[in-house]
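Trainee: below are the sequence and a predicted model; questions follow.
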Amino acid sequence: MKYLFVIVLVILSKNIIGQVTGADTTTNEPLNSAANIISGNISKGVTLGAYAQIDYNQPFSDIARQNGNLDVHRLVTFMGYKFNDRTHFVTEIEIEHVIEVYVEQAFLSYMIDERLNFRAGLILIPMGILNEYHEPPTYNGVERPNLDAKIVPTTWREVGAGFSGKFDDLSLKYQLYILNGFNGYNGSGKFRGTDGFRTGRQKGAESFMSNPNLSTKIDYYGIMGLKLGLAVYYGKSQSSLYHGLDMDDIGAVKKADSSIVGITMLGLDVRYQNKGFEARAQYILTSASNTLQYNAFTGKDLGSKMMGYYFEAGYNVLRFLKDTRNKMTVFARYENYNTHAQVDAGIAKIDAYNRTDITVGLGFKVADGAVFKADYQLFKNADTSVDGINQINLGMGIWF
């Protein structure tokens, strides 16, 4: 009730709500909800907007009948406030599956100079494409690529602070943050082979930190239609066993050291658009150290190396119709991701964790920020004894 009351107050305050845009038309720099607020594209004071995704997923296989799933997957309200030309506050409040409420980001940004901005709060980790640019009309497919769910893992955000900025003469944008890391142990091990670090995301909910982590990304947008990204994440997972630890107790120190892993993640991404054609690709490589000790201590099966990639191409088949502003993008995506690309001795490499997804479909944009989607997916893995599952997805997405 309090959340709804705040929204009503914002609406009644008659602040400006405007249309978001996906890219800066002058610099070709990609924009998302937060960037639209900070750039001043939407409002001079309070800004209110939203994005949402509603899905229907129907899996089927040759062996067993499957029920379909209908879900209000996410409804996200984003709000911002401009204190002055240099200072902005941005937040997103997400409701997932109708009942789960999260704060997806909440940070204060201060512009020292266009090339140097200080940011502090709950921050999205700049890794890959979708972790920062996840508004439904901005990507193809009803569901997000599974690479971004299993390895990145989207939507990944933690509490920290750092700097960002851009050099328009060089067409470069950078981000550099110090944040808390994944919760790898808090009474039990959180990491596992099937989805890596995903269950260790702390999301700003009474997060704890035993080791600071570094996240950085550089984006290049100097060629019209082309966007390139290089991201690095480096640090260690967090463990509750370090709280109150007696450093003279060798056994306790050894136990605590066995409850963490070192993490190095590298991400490369490419986006290209020219007239009716669009394409994107992404590659993520993650190395984890100390996994032998971690798995032995926690009883988990975390891989020591995870990797994945996808490439996707699409075309707007309505491009040559003169009397329509609608877009219908027909696309195809090939995706491979392996959370057991490498494992330590004593851990069996599970072939089912080496997965391949093929997705073909279309998105019908009836307005800027409003899309109907439909696609077909084929899920396979390297374990030949497991029957592959196919799935039809239908959905809608909005962003304003």
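Mentor: Thanks, I have the structure now. Numbering: from 1, shown residues only.
Trainee: show me the contacts for residue 78.
Mentor: By CB atoms under 8 Å, 6 or more residues apart in numbering, the residues touching residue 78 are 33-34, 37, 47-51, 90-93. Heads up, the C-betas are built off the backbone N, CA and C, glycines and all.
Trainee: same question, residue 172
Mentor: Residue 172 sits next to 166, 218-222 when contact means CB under 8 Å, 6+ apart.
Trainee: quick one, which of these are buried?
Mentor: Among the contacts of residue 172, those classed as buried by 16 or more other CB atoms under 10 Å are 166, 219, 221.
Trainee: and which of the residues you listed is nearest residue 356?
Mentor: Residue 356 lies nearest to residue 219 out of these, by CB to CB, at 28.4 Å.
Trainee: how about the most centrally placed residue in the chain: what's its closest non-neighbour residue?
Mentor: Nearest to the mean C-alpha position of the chain, by CA atoms, centre = their mean, lies residue 131 at 2.1 Å. Take residue 131 and drop its neighbours on the chain: the residue closest to it by CB to CB, 6 or more residues apart in numbering is residue 154, 4.7 Å away.
Trainee: so the one you found touches residue 129, yeah?
Mentor: No - counting by CB atoms under 8 Å, residue 154 sits too far from residue 129 to count as a contact (9.2 Å).
Trainee: between these two, what contacts are shared?
Mentor: By CB under 8 Å, 6+ apart, residue 154 and residue 129 have these common neighbours: residue 148.
Trainee: circling back to that earlier point, which one of the contacts of residue 172 is nearest to residue 245?
Mentor: Nearest to residue 245, judged by CB to CB, of those is residue 218 at 36.9 Å.
Trainee: which SSE is that closest one in?
Mentor: Using DSSP states H and E, residue 218 sits within strand 212-220.
Trainee: list the pairing partners of that strand within its sheet, with orientation.
Mentor: Note on strand 212-220: by DSSP bridges, its sheet partners are strand 172-180 (antiparallel), strand 226-236 (antiparallel).
Trainee: how many neighbours does residue 171 have?
Mentor: Close neighbours of residue 171, defined as other CB atoms under 10 Å, add up to 18.
Trainee: for residue 135, that is, sorry about that
Mentor: Neighbourhood size, residue 135 [other CB under 10 Å]: 23.
Trainee: hmm, what's the outermost residue in the chain?
Mentor: Distance from the centre of the chain peaks at residue 248, with 40.8 Å (CA atoms, centre = their mean).
Trainee: picking that back up, and the contacts of the strand holding residue 218?
Mentor: Contacting residues not belonging to strand 212-220 are listed as 29-30, 125-127, 158, 160, 162, 171-181, 227-236, 263, 267 [CB under 8 Å, 6+ apart].
Trainee: show me the shaky parts of this structure.
Mentor: Within the chain, the stretches with pLDDT under 70 are 1-30, 40-44.
Trainee: could you redo the last one with a cut-off of 90?
Mentor: Judged against pLDDT under 90, the low-scoring parts of the chain cover residues 1-48, 61-65, 114, 322-325, 345-346, 384-389.
Trainee: tell me where it has helices.
Mentor: Per DSSP state H, the chain carries helices over the ranges 2-12, 33-39, 146-150, 250-257, 291-298.
Trainee: any idea how far the closest residue to residue 110 other than its chain neighbours is from residue 112?
Mentor: Spatial nearest neighbour of residue 110, excluding adjacent residues (CB to CB, 6+ apart): residue 118 at 4.8 Å. According to CB to CB, to the nearest Å, residue 118 stands 6 Å off from residue 112.
Trainee: likewise for residue 275?
Mentor: From residue 275 to residue 112 the distance is 39 Å (CB to CB).
Trainee: same question for residue 308.
Mentor: Using CB to CB, we find residue 308 at a distance of 37 Å from residue 112.
Trainee: now do residue 193
Mentor: Using CB to CB, residue 193 is found at 44 Å from residue 112.
Trainee: tell me the contacts of residue 74?
Mentor: Taking CB under 8 Å, 6+ apart as the test, what residue 74 contacts is 51-53, 94-97.
Trainee: hey, what's it bridged with?
Mentor: Under the criterion used (DSSP bridges), residue 74 bridges to residue 53, residue 96.
Trainee: could you number the chain from 370 rather than 1 from now on?
Mentor: With the count now opening at 370, the last piece we talked about shows up as residue 443.
Trainee: right, and residue 577 touches residue 552 too?
Mentor: Yes - here residue 577 lies in contact with residue 552, judged by CB under 8 Å, at a distance of 7.3 Å.
Trainee: who's more crowded, those two?
Mentor: The residue with more neighbours, out of residue 577 and residue 552, is residue 552; 24 against 13, by other CB under 10 Å.
Trainee: report the beta-bridge partner residues of that one.
Mentor: Bridge pairing for residue 552 - DSSP bridges - gives residue 607.
Trainee: returning to what we had before: now the contacts of residue 541 as a markdown table including distance to residue 515?
Mentor: Converted to a markdown table, the contacts of residue 541 look like this (distance: CB to CB, whole Å):
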| residue | distance to residue 515 |
| --- | --- |
| 535 | 31 |
| 587 | 26 |
| 588 | 24 |
| 589 | 27 |
| 590 | 27 |
| 591 | 31 |
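Trainee: closest to residue 609 among the residues you listed?
Mentor: Comparing those against residue 609 with CB to CB places residue 587 closest, at 34.1 Å.
Trainee: the strands in the stretch 420-569 of the chain, which residues?
Mentor: Secondary structure of the stretch 420-569 of the chain (DSSP state E, counting those that start in this stretch): strands at 438-451, 456-465, 469-482, 485-493, 526-536, 541-549, 552-554.
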